[in-house]
Structures are given as structure tokens and as C-alpha cells.
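Participant: build me a structure from this.
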Amino acid sequence: MNISIVILAAGEGTRMRSQLPKVLQRLAGKPLLAHVIETVMQISKAITVVYGHGGEQVKQALAAYDVNWVEQKQQLGTGHAVLQALPTVTHDKVLVLYGDVPLISVTTLKNLIAQTPEKGIGWLTAKVKKPSGLGRIIRDAANNPVAIVEEKDASAAQQAITEINTGICLLPVKNLKTWLPNLKNKNVQGEYYLTDVFAMAIAEKLPIITLNPTVNHEIQGVNNKIELAKLERTYQMHSANLLLESGVTLIDPKRFDLRGELTVGKDVIIDVNVVIEGSVKIGANCYLGPNVYVKNSSLADNVRVEANSHIEGASVATDCVIGPFARLRPETILHAKAKVGNFVEVKKSSIGEGSKVNHLTYIGDATIGAKVNVGAGTVTCNYDGVNKYHTIIEEGAFIGTNNSLIAPVVIGKNATTGAGSAINKNVPEGELAIGRAKQVNISGWKRPQKIEKAKN
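Facilitator: The predicted model follows:
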């Protein structure tokens, strides 16, 4: 589509009571402005963001996006903001959006574009129950739109109108080049309103269409933390409903948070208070227990994640069991039928097929073969304070309870280490290694007695 995009994101957002610029406040784990950018990237790559308050902070936070940045040094209104962006616009039409209206959909925008006359303007409006604080759409006796009036400038009769201006519009660039320099700021706020071009278009008899969004939460702006919290729940319920429609079982849709992209197979069950962040794939017949957190990970079919487990940057193969209270850190790989149990932490390690690490254990920088049993309280001692070292445990090995495996070390195939051992030498295949201090029993030893304090 030959359309340029301008996103207005210069506002300070004082009602947020935050040092963070308003457009960097997070919805579903992502800045408000990022939501808008990612949506419009599906329509056009010619995107300009007009920034102002906290500008460098905004640019830095969203540096990964390929957009033009234009500064509005003085916040003199929406018309003035678009005027600053106009030199970057390279197409015949410009679509204007707002960095604090994060849930606008591609469907609604494409509908607006499709229905706007070639040489006319398209304006997104909405009918709401409570229009307070919003500009009103004024129509004539034939129901044609004739003006937009900001609430502070509206009469009592105009304030009773429930059709509001969303601010999102598609405008002809040729006309904007004439209209914007001629805007006046003779209004209560002393600003140059973009909405005034609406009347200019009517005066020049340009065709105008108005269109409503698919659902009204698409045009909901965010001005304070209360509105942000409400929109978060709206977003999450929408995400939950889409998952329910796809066949996912959510034990309580109101207690589920999606903060990224989730791909799911059939017959997935997700219990309460589960948080999904980043890019996550979950295969068929999986179960996620209560209070589970999964980030940037993939879970194959038939994986069971018990309560209170934390998974980040991990790859989990079929038929694995994780938790409860387990933590998989980045670069963890679990092969088929592996089990990581309660209070076990795994970091940058591979756990082989059918292997078990069941209790109270740390596995870091290790490669574990198939059918290995790691006893409770085992620690791979991978760090000497400066460098990291690797531990290898080969197929069929048995690691006794309360072992310290001091890397670099190799435990051979089908080898065994005794309980309470500190192993700092390689263990050959099939052998038993015991590395514990000799037990000494002291006869006649007596326990210390409590010394009674003298009474005053």
C-alpha cells in the first residue's frame, strides 16, 4: 500500500506519575508504542514517530524498530506534530495514529484505508457511553459529518453527543501541505489541532467517510495507571478468549497472562496464574500447573510442568516432567522423557533421554547422557570465580546423593559415585568412585551443656 504512517508519541503523560515516558509504559510486557509500531508495520514500512518528552529514552528503548524519528521540541498540539513529520512522508496519503492507543487492529486500519475515497479523507470515530474528555463528531441534518469539536470548546448540546473522535485518520498529503501551516490555535488549550483539517476538507468539498473500529477497546487511549491496568485486563481477556476458541483449556481465563506470542497444540491445559512471555511454543497434550512462568521456550508434546516452575530459554522434548518448583535457565535442553524435579535448577545444560534429576540439585554447564540418575543435593561445581568449566556424565551413570562434581570432570558410562562424595577426577566406565572424608567416631564425647545465667 502506498501509505505513509505517522505515530504521534510526544506527550509527557504527567498523569502516569512516572519518570518513564507515557509511550514506554508497558502493556502485556511491551511498551505501548511498540504495540502500535508492530501493528502498522503490517500495513507500511514508511513509518515516522514524532517524539518529544523523554525522546532519547524512547528512541533507545525502541531502537530495534526501523522507523524515522522526528522531534517535536515544543508540544503545540497534534496538528503541529504532524507538520513536523510531513517532510518525511513519501506517499500520497498519510495514516495518523497515536503511541498511547496500543490496541488498534490491522483489520480496522485496512478497513479505513479501503473505504477512504482516493482524493478524500477517512476518519475513525466511535460511539461510546461515556464520551467525557473526548472530541465530538458534529453531523448535519442529513447525518453527514461537518466538524470535530474538542470537549473544552464544545457547547452543552455538543457535549451530549456520544460519537467521538478517535484521532486516527487517513489524510491526503497534498492537502495537508496547505492545511497544516494554516492551522490556528484560537481555542481553550492554545494548540494547533489536527482535527481542524476536518472542517478544511469540508470547506473544499473533499469527500469524507467515517468508520467505527471493530471493537471499541481498539481506540482506548492510556492516560494514567488506572486506565493502563484496565486495558491490560482487556488485552488479557481477549488473548484468553482466542486461546479458548482454539481449544486450549484455561482453568480460569481471568488468571492468565500472555506477554508475547504463544503457539499451542491440541488438548493443552493451563492452570491459574500462568505467565507466558516472549516467543513460546507448547505442543499437544501438555499441562502447565499453577503459577508457572514460561519465557522464550519450546515444549514438545506430552510435557507436564508442575506448579511454581520457571522456564526460560529452554527446549523441552516430548514426555518430560518438570517441577514442582523447578527452574530451567537459558540454553537448557531436556531430551525425551527426562525429569527435572522439585527445587532443581538447570542452566546451559543438556539432560539426556530418560534421565532424572529429581531433588534439590544444581546442574550448570553440563552434558548428561541417557538414563542417568542424579541424586538429591548434587551440585556441578562449574565456576572457579573467574572461568566456567564443563561436567560430562555419560549414559547410565548413577550420581549418589549430596555429590559435588568439580568441573572439568567426566563420569564414565554406567559409573557410580558414592553418596557424600566430592569428585574432582574422571571416573572410568563402570567404576565406583567415593570421594568423602574418613569417618571418625570419638568415644566418650559429651555434648556441650547450656550454662545457666546467675540470677540477680
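Participant: pretty sure N111 sits against L211.
Facilitator: Yes. Between N111 and L211 there is a contact at 6.1 Å, judged by Cβ atoms under 8 Å. For every residue, glycine as well, the C-beta is placed using N, CA and C.
Participant: between these two, who's got more neighbours?
Facilitator: Set side by side, N111 and L211 show more neighbours around L211, with 20 against 17, by other Cβ atoms under 10 Å.
Participant: now that one: closest residue in space, sequence neighbours ignored.
Facilitator: L112 (5.2 Å; Cβ to Cβ, 6 or more residues apart in numbering).
Participant: name the SS class of N285, please.
Facilitator: Of the three states, N285 takes coil according to DSSP: H, G, I helix; E, B strand; the rest coil.
Participant: please report how far it lies from V248.
Facilitator: As judged by Cβ to Cβ, to the nearest Å, N285 and V248 stand 12 Å apart.
Participant: so which of these two has more stuff around it?
Facilitator: Shown here are N285 and V248; by other Cβ under 10 Å, V248 has more neighbours (21 against 16).
Participant: from I282, how far out is V292?
Facilitator: Counting by Cβ to Cβ, the gap from V292 to I282 is 11 Å.
Participant: equivalent analysis for K177, please.
Facilitator: For K177, the distance to I282 - Cβ to Cβ - is 51 Å.
Participant: which of the two has more neighbours?
Facilitator: Between K177 and I282, counted using other Cβ under 10 Å, I282 has the larger neighbour count: 25 against 12.
Participant: contact partners for the more buried one?
Facilitator: With contact set as Cβ atoms under 8 Å, 6 or more residues apart in numbering, I282 has these partners: L262, T263, V264, G265, V268, L288, V294, S298, L299, V303.
Participant: out of those residues, who's nearest I434?
Facilitator: Using Cβ to Cβ, V303 comes nearest to I434 of the contacts of I282, at 36.2 Å.
Participant: ok, that closest one - how many residues close by?
Facilitator: 24.
Participant: confidence score at it?
Facilitator: Here the pLDDT value assigned to V303 is 98.
Participant: who's in contact with it?
Facilitator: So V303 contacts I282, G283, C286, Y287, V316, T318, D319, C320, V321, I322 (Cβ under 8 Å, 6+ apart).
Participant: how about TSV for these, with pLDDT added?
Facilitator: Formatted as TSV, the contacts of V303 follow (pLDDT from 0 to 100):
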residue	pLDDT
I282	98
G283	98
C286	98
Y287	98
V316	98
T318	98
D319	98
C320	98
V321	98
I322	98
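Participant: just the buried ones out of those, please.
Facilitator: With neighbours counted by 16 or more other Cβ atoms under 10 Å, these contain buried members at I282, G283, C286, Y287, V316, T318, D319, C320, V321, I322.
Participant: so the fifth one sits against N302, correct?
Facilitator: No. Judged on Cβ under 8 Å, V316 makes no contact with N302 at a distance of 10.4 Å.
Participant: which residues touch the residue nearest to K177 when sequence neighbours are not counted?
Facilitator: Nearest non-adjacent residue to K177, counting by Cβ to Cβ, 6+ apart: L86, 6.7 Å away. Applying Cβ under 8 Å, 6+ apart, we find L86 in contact with V173, L176, K177, L180.
Participant: how does it look with 7 Å?
Facilitator: The contact partners of L86, taken as Cβ atoms under 7 Å, 6 or more residues apart in numbering, are L176, K177, L180.
Participant: now swap in L244 and tell me
Facilitator: With Cβ under 7 Å, 6+ apart, L244 has these contacts: L250, P253.
Participant: can you do 10 Å?
Facilitator: L250, P253, F256 (Cβ atoms under 10 Å, 6 or more residues apart in numbering).
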